[in-house]
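Participant: I'd like to go over a predicted model; first the sequence, then the structure.
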Amino acid sequence: MASLRVALLGCGVVGTEVARLLHEHADDLAARAGARLELAGIAVRRLGRDRSITGVDPGLFTTDARALAERDDVDLVVEVIGGIEPARGLLLAAMERGASVVTANKALLAEDGVTLHTAAEKHGVDLYYEAAVAGAIPLLRPLRESLAGDRIKRVLGIVNGTTNYVLDRMDSEGSSFAEALEEAQSLGYAEADPTADIEGFDAAAKAAILAGIAFHSPVVAADVHREGIADVSSADVASAQAMNAVVKLLAICELSPDGQGVGVRVHPAMLPRTHPLASVRGAYNAVFVEAEAAGRLMFYGPGAGGVPTASAVLGDLVTAARNRLGDAVGPRGSWYADRPVRPMGATVTRYHISLDVDDRPGVLAAVAAVFAEHDVSIETVRQRAEGPDDAELVIVTHQATDDALAATVDGLTRLDTVRAVLSVMRVEGE
Ligand SMILES: NC(=O)c1ccc[n+]([C@@H]2O[C@H](COP(=O)([O-])OP(=O)(O)OC[C@H]3O[C@@H](n4cnc5c(N)ncnc54)[C@H](O)[C@@H]3O)[C@@H](O)[C@H]2O)c1
Ligand SMILES: N[C@@H](CCO)C(=O)O
Ligand code: NA
């Protein structure tokens, strides 16, 4: 049987599992790919660590990632180092030498996917990155290939396991933010620097990649409106619970109503508990795709963790190996539409606003007047007495532009009768 030589760059949470599964499932992988996938080397930052769990010959480890990526006898390069450099330079060098590449690196794809795709095209090699978005869940290939004949209108998803884990623990166990984050880190879900998860950078990178593929337009992470979960308080979680909703960090990519632009945003939002995404627990991810002809599709599964992510990496590796044996390259994404990214202020959304107000005549009228002034229509108002002259007002709006809603909140904070704005959050899902 023929063999193909694989270089693995990085041996952390994901790389260790890729190496172990390549070794343990070598015969099956060979039968499926049509060639033995032989490890040519594994680049690590430091030698001497016990990596026996991988079952790999210790002589294969090297600290010279560059030399490994550029070796003439390497056919396929897997990058699971993460970050922009040296990952980008290594992938470009590998492609230049004619190797096909597989990466899990969403940060890089979202920042400079164009350079990588251009290089893959120029050198006639594959560039696959299924693991970069929603870990093990097959999502990019279905979007790129299975839905190539359809018109995608909206992608709505939970694409960060760490933040979903944290929000779920806050909702179901009443855990503190810090406790829940520590657990997510120890389970291998979090990025090396967990602020990438908490501040929404990880989800924003994934949203950019999803929007680019779904709408055939180049979108980078900097285009994405991003809010993380650091400011989600127990009051927000309680407000959501009071209206039978749950707080989730959502990535939303949508065509603008005229179809000419795209909106891409990541922010916490309240979702009714009856919405399918509301039941996504722990570090699981789920992505809802709304397409014109297909209707609504849901993709669900483990979005983080070394073993599940390695599954997506190996799937790409087998595909790239098959293409190589057939002297072909796989289908690429297309960016012909070039739709501009619309600003967040123009996005149409709904708000949930909870206020601590004086409980006396005219207060509700004054509050309602602020909404009217900004042309924001109120859907529901609930008032609960908090004391003899103190009440909590909970208002959910109809859809309005984000600019109008933000101006409304700003106006409310200026009212003398509003003692405090307790919680402001967008509401998604019908
Ligand atoms: N952990 C997950 O659940 C998950 C899921 C999907 C995608 N990813 C992505 O996979 C990639 C790897 O993530 P991870 O969780 O395994 O990270 P990690 O930090 O556990 O592993 C990265 C490894 O690369 C090594 N490294 C750094 N610089 C190097 C160099 N110059 N040469 C060789 N090795 C070097 C580090 O020492 C570390 O062991 C990232 O792009 C991440 O975004 C991770
Ligand atoms: N840190 C990421 C890993 C998967 O990309 C998460 O929590 O989802
Ligand atoms: Na995936």
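Facilitator: Structure's in. What do you need? Ligands and ions are numbered 1, 2, ... in the order given.
Participant: Pull out the buried positions in stretch 163-183.
Facilitator: Judged by neighbour count (16 or more other C-beta atoms under 10 Å), stretch 163-183 contains these buried residues: 163-171, 175, 177, 180-181, 183. The way it works is simple: take the backbone N, C-alpha and C, and place the C-beta from them, glycine included.
Participant: Let me have the residues you listed in JSON lines, extended by secondary structure, distance to ligand 2 and pLDDT.
Facilitator: Formatted as JSON lines, the buried residues of stretch 163-183 follow (DSSP: H, G, I helix; E, B strand; the rest coil; distance: C-beta to the nearest ligand atom, whole Å; pLDDT from 0 to 100):
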{"residue": "Thr163", "secondary structure": "helix", "distance to ligand 2": "7", "pLDDT": "96"}
{"residue": "Asn164", "secondary structure": "helix", "distance to ligand 2": "8", "pLDDT": "97"}
{"residue": "Tyr165", "secondary structure": "helix", "distance to ligand 2": "8", "pLDDT": "95"}
{"residue": "Val166", "secondary structure": "helix", "distance to ligand 2": "10", "pLDDT": "95"}
{"residue": "Leu167", "secondary structure": "helix", "distance to ligand 2": "12", "pLDDT": "96"}
{"residue": "Asp168", "secondary structure": "helix", "distance to ligand 2": "12", "pLDDT": "96"}
{"residue": "Arg169", "secondary structure": "helix", "distance to ligand 2": "14", "pLDDT": "94"}
{"residue": "Met170", "secondary structure": "helix", "distance to ligand 2": "16", "pLDDT": "92"}
{"residue": "Asp171", "secondary structure": "helix", "distance to ligand 2": "17", "pLDDT": "94"}
{"residue": "Ser175", "secondary structure": "coil", "distance to ligand 2": "17", "pLDDT": "87"}
{"residue": "Phe177", "secondary structure": "helix", "distance to ligand 2": "15", "pLDDT": "86"}
{"residue": "Ala180", "secondary structure": "helix", "distance to ligand 2": "12", "pLDDT": "88"}
{"residue": "Leu181", "secondary structure": "helix", "distance to ligand 2": "11", "pLDDT": "89"}
{"residue": "Glu183", "secondary structure": "helix", "distance to ligand 2": "12", "pLDDT": "89"}
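Participant: With respect to ligand 1, which of these is nearest?
Facilitator: Distance to ligand 1, by C-beta to the nearest ligand atom, is smallest for Tyr165 among the buried residues of stretch 163-183, at 11.4 Å.
Participant: And this protein, split by domain according to the record?
Facilitator: Partitioning the chain according to the TED database yields domains covering residues 3-135+306-326, 139-302, 345-427.
Participant: The longest one vs ligand 1: in contact?
Facilitator: Meaning domain 139-302. Yes. Judged by C-beta under 6 Å from any ligand atom, domain 139-302 and ligand 1 are in contact via Gly188, Tyr189, Glu191, Ala192.
Participant: and the end-to-end length of that domain?
Facilitator: The separation between the terminal residues of domain 139-302, taken as C-alpha to C-alpha, to the nearest Å, is 12 Å.
Participant: Do stretch 63-76 and ligand 1 come into contact?
Facilitator: Yes. Shown here: stretch 63-76 in contact with ligand 1 (C-beta under 6 Å from any ligand atom) through Ala65.
Participant: By neighbours, which of the residues of domain 139-302 next to ligand 1 wins?
Facilitator: Tyr189 (28 neighbours; other C-beta atoms under 10 Å).
Participant: Show me which pair in the residues of domain 139-302 next to ligand 1 is furthest apart.
Facilitator: Tyr189 and Ala192 (11.8 Å; C-beta to C-beta).
Participant: burial measure for the residue lying closest to Val363 once chain neighbours are set aside, as a count.
Facilitator: Residue nearest to Val363 in three dimensions, not counting chain neighbours: Thr417, with 4.6 Å by C-beta to C-beta, 6 or more residues apart in numbering. Residues near Thr417, counting by other C-beta under 10 Å, number 15.
Participant: Just want the phi and psi numbers for Thr417.
Facilitator: phi -80, psi -10 (degrees, to the nearest 10).
Participant: hang on, isn't it packed against Asp356?
Facilitator: No. The criterion here is C-beta atoms under 8 Å, and Thr417 misses it with Asp356 at 10.1 Å.
Participant: The residue nearest to Asn164 when sequence neighbours are not counted and Asp375, how far apart?
Facilitator: Spatial nearest neighbour of Asn164, excluding adjacent residues (C-beta to C-beta, 6+ apart): Ile158 at 5.2 Å. Distance of Ile158 to Asp375, computed by C-beta to C-beta, to the nearest Å: 32 Å.
Participant: Neighbour count for the two, which is higher?
Facilitator: Shown here are Ile158 and Asp375; by other C-beta under 10 Å, Ile158 has more neighbours (27 against 11).
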